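Student: model this:
(one chain, ligands or ions: 1)
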Amino acid sequence: MIYQSPTIQVELLEDNIARLCFNAPGSVNKLDRETIDSLNAALDAIKQNSDIQALVLTSAKSAFIVGADITEFLGLFAQDDSVLLPWIAEANVVFNKLEDLPFPTISAINGFALGGGFETVLATDFRIADTTARVGLPESKLGLVPGFGGTVRLPRIIGADNALEWITSGKDQRPEAALKVGAIDAIVAPENLQAAAIQMIKDAVAEKLDWQSRRARKQAPLTLPKLEAMMSFATAKGMVFKIAGKHYPAPMTAISVIEQAANLKRDEALKIEHQAFVKLAKTDVAQALIGIFLNDQLVKGKAKKAGKLAKKVDTAAVLGAGIMGGGIAYQSASKGTPIVMKDITQPALELGLGEASKLLAAQIKRGRSTPEKMAKVLNNITATLDYAPVKDVDLVVEAVVEHPKVKAMVLAEVEQHVADDAIITSNTSTISINLLAKALKKPERFCGMHFFNPVHKMPLVEIIRGEHSSEETIATVVAYASKMGKTPIVVNDCPGFFINRVLFPYFAGFSGLLADGGDFAAIDKVMEKQFGWPMGPAYLLDVVGLDTGHHAQAVMAEGFPDRMAKEGKDAIDIMFEAQRFGQKNSKGFYAYSVDRRGKPKKDVDAISYELLGAEFGELKQFESDVIIARTMIPMIIETVRCLEEGIIASPAEADMGLVYGLGFPPFRGGVFRYIETMGVANFVALADKYAHLGGLYQVTDAMRELAANNGSYYQSK
Ligand SMILES: NC(=O)c1ccc[n+]([C@@H]2O[C@H](COP(=O)([O-])OP(=O)(O)OC[C@H]3O[C@@H](n4cnc5c(N)ncnc54)[C@H](O)[C@@H]3O)[C@@H](O)[C@H]2O)c1
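Tutor: Numbering: from 1, shown residues only. Here you go, the predicted model:
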């Protein structure tokens, strides 16, 4: 053994080939500070052994190195530049040391080699991957640029255009794609990986492969004709700005870094990368995106834990073949759980099946599915008008019309037909789970399973725990939602549950602005372009449906009369009474039509202004920050209330729910991250400025106390 630490072992194989194996104690190899220090020491030990003629990097785990240890780095990013810059420069010395060894080097890549893991292998002369490998530089998804030489080495290995695409998209790449551009040198079967790597490095030692010139190319300036370089960088900037937009600076920074470093040699080029890395690491966007990454892991971890307590769901049933029922059937069937879809009329069933076929046909058109797969998915859906095929299913999702009496009747009915231990859930968006549970003989097997529309696109499923729901019931529904490819978040029962409870105060803030003369199209513009929502409130209400919104708003007002009950008519009432239900009948705040090419079109509708003007008078202009404050403060305070009341378990889950369920702008990270960025005391001061607008603008005592103590939601939980 040449070197050994808890994360790395180096041994000498035959023919004086050294093998450095990453083998951390946990389930995966991560590039944390300990591993980087170990790599440094291992390389020193290798350099001191004059017998060694070549080096192979391998992993003893099912993945090579999954990436940098984000949790650890988050703490580091909080440090001053005077600490951070020398740290990153020092870490890079290690990768340079690997690259500068006086003999050929190769990486044998299995599974993930992402981020820092991929940057490690870029420092070797050759890369061979097995069929399980996934490589790439996902840093831009976290609001960063690669920091261990990725922006310098990758363009010099695969060319500027390819590297720009890989780095700005942050996508994982399959081995075939990596081989095509030259990011790896060969693909082999997993069982042949080590032997093939050793053979290749022997060829390099024997000078059959020219490792010196490869290495030299990596360390030299990028050789691009001037015009070509200009075209590459200008095109990339245009495209990336269009996709990433002004709220996500990392991809654009990556392009400038590569451009600025193009004419420099390695060590100078690396300095440009370090500067950019440190600058981005300190931005609110990076903090928010890294926060989302960590929250996502926490939520996934919880779901995995629940999986241990879950009962198996081999087959399911959905009651109601409407917009939601059809979507749920499609999602379950396409993720491998056969599902019975029951409705009360044949046309409804046909509509549900038609919806599933349409989604599948679209998948085939995009090359993501095949007719064979489509047939298999459709075979997994059994459409029925009676209960006979439902009797053996393990789990039922009720998705009939939103009416407490109809739902109670349907739930009681289905309980008579299914096995004693089958789980029963409801996809209700507003009706209390505890109320619905009363219809059942065994309420412990019941809970809410709230999907979002469109089911195949929206990642969140809100799972609502009733007072009688058993842990096994919740765990089983969590596991089923995960199997459907969704992110489940468990919440407690209350009007609107979590997501609608915080959404309606936002709509109330919007309605308040309109009542004071606000222009809905101008408000949408601010909330989309500046705040970053995918849709502004008027557009979102049109998509949700103003009839649905009107109904849900009444439920919320009844549930929280102190702050959600309203006097007089608001904009939602006006639209509802004028039968402007939104997209579903082509007129809401906006008018919907199709253009000449058959594409859906949305136009500002003068009639909406007339209707609103008749009630609220002349239009008035509001500053952007007033629009943002008046709509967001109610949502933020209601989210805080949900945490204080235990409706949602943690700030992390609240933020994930908002991002996945409502499309809260990821670069802001969610409500709690937003408060964090702003500072609790600053938020309280802002809300106090608007307190005269009513109960929705009044912060809670606990929040005021947290502000006074200079506290933080993320750190105190
Ligand atoms: N549409 C949304 O955006 C959305 C989002 C989340 C949750 N939800 C909830 O999902 C549920 C369904 O909503 P939707 O939009 O799909 O409604 P929908 O009107 O499109 O579909 C309801 C279906 O239920 C069927 N039905 C009625 N009584 C039935 C019975 N006794 N047995 C079987 N089927 C019966 C109807 O024929 C219809 O096909 C509601 O509780 C709604 O609140 C809707």
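Student: Return the distance of the residue in the stretch 1-150 of the chain that the ligand sits nearest to relative to residue 51.
Tutor: The stretch 1-150 of the chain approaches the ligand most closely through residue 141 (28.4 Å), counting by CB to the nearest ligand atom. Bear in mind the C-beta positions are built from the backbone N, C-alpha and C, glycine included. Using CB to CB, to the nearest Å, residue 141 is found at 43 Å from residue 51.
Student: The two: who's more crowded?
Tutor: Taking other CB atoms under 10 Å, residue 141 and residue 51 do not tie; residue 141 has more neighbours (20 against 8).
Student: Spatially nearest residue to that one (excluding sequence neighbours)?
Tutor: The shortest distance from residue 141 to any residue other than its chain neighbours is 4.1 Å, reached at residue 170 (CB to CB, 6 or more residues apart in numbering).
Student: can you give me the strands in the stretch 1-150 of the chain?
Tutor: Per DSSP state E, counting those that start in this stretch, the stretch 1-150 of the chain carries strands over the ranges 3-4, 8-12, 17-22, 54-59, 105-109, 112-114, 126-130, 134-136.
Student: How far off centre is the host helix or strand of residue 607?
Tutor: Using DSSP states H and E, residue 607 sits within helix 606-616. Put simply, helix 606-616 sits 39 Å off its chain's centre (CA atoms, centre = their mean, to the nearest Å).
Student: Now do the strands in the stretch 151-300 of the chain.
Tutor: For the stretch 151-300 of the chain, applying DSSP E, counting those that start in this stretch gives strands covering 186-188.
Student: Closest approach to the ligand from it, which residue is it?
Tutor: residue 299 (19.8 Å).
Student: how near is the closest residue in space to that residue that isn't next to it in sequence to the ligand?
Tutor: Nearest non-adjacent residue to residue 299, counting by CB to CB, 6+ apart: residue 656, 5.2 Å away. As defined by CB to the nearest ligand atom, to the nearest Å, residue 656 lies at a distance of 18 Å from the ligand.
Student: go on, residue 359?
Tutor: According to CB to the nearest ligand atom, residue 359 stands 15 Å off from the ligand.
Student: Neighbours of that residue, how many?
Tutor: Residue 359, neighbours per other CB under 10 Å, totals 21.
Student: Wait, it touches residue 330, no?
Tutor: Yes - using CB atoms under 8 Å, residue 359 is in contact with residue 330, at 5.4 Å.
Student: Need the overlap of contacts for the two.
Tutor: Taking CB atoms under 8 Å, 6 or more residues apart in numbering as the contact rule, residue 359 and residue 330 both touch residue 456.
Student: what secondary structure does the closest residue to the ligand within the stretch 451-600 of the chain sit in?
Tutor: The minimum distance from the stretch 451-600 of the chain to the ligand, using CB to the nearest ligand atom, falls at residue 453 (3.3 Å). Three-state call for residue 453 (DSSP: H, G, I helix; E, B strand; the rest coil): coil.
Student: For it, give me its contacts.
Tutor: Per CB under 8 Å, 6+ apart, neighbours of residue 453: 323-324, 327, 544.
Student: and if you look at residue 697?
Tutor: Contacts of residue 697 by CB under 8 Å, 6+ apart are 633-634, 637, 687, 690-691.
Student: try 6 Å
Tutor: 633, 687, 690-691 (CB atoms under 6 Å, 6 or more residues apart in numbering).
Student: Now the contacts of residue 453 in JSON lines, please, with extra columns for secondary structure.
Tutor: Below are the contacts of residue 453 laid out as JSON lines (three-state DSSP):
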{"residue": "323", "secondary structure": "helix"}
{"residue": "324", "secondary structure": "helix"}
{"residue": "327", "secondary structure": "helix"}
{"residue": "544", "secondary structure": "helix"}
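Student: need those in JSON lines with pLDDT, neighbour count and distance to the ligand, can you?
Tutor: Output for the contacts of residue 453, formatted as JSON lines (pLDDT from 0 to 100; neighbours: other CB atoms under 10 Å; distance: CB to the nearest ligand atom, whole Å):
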{"residue": "323", "pLDDT": "88", "neighbour count": "17", "distance to the ligand": "4"}
{"residue": "324", "pLDDT": "93", "neighbour count": "23", "distance to the ligand": "3"}
{"residue": "327", "pLDDT": "94", "neighbour count": "25", "distance to the ligand": "8"}
{"residue": "544", "pLDDT": "93", "neighbour count": "22", "distance to the ligand": "6"}
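Student: can you map out the helices along the stretch 301-450 of the chain?
Tutor: Remark: helices assigned in the stretch 301-450 of the chain by DSSP state H, counting those that start in this stretch are 323-334, 346-365, 371-379, 404-417, 433-437.
Student: How about residues contacting the third one?
Tutor: Residues outside helix 371-379 that contact it (CB under 6 Å, 6+ apart) are 333-334, 360.
Student: Number of residues surrounding residue 14?
Tutor: Neighbourhood size, residue 14 [other CB under 10 Å]: 7.
Student: one step back: quick one: secondary structure of the residue nearest to residue 299?
Tutor: helix.
Student: surely it meets residue 297?
Tutor: No - applying CB atoms under 6 Å, one finds residue 656 not in contact with residue 297, separated by 10.1 Å.
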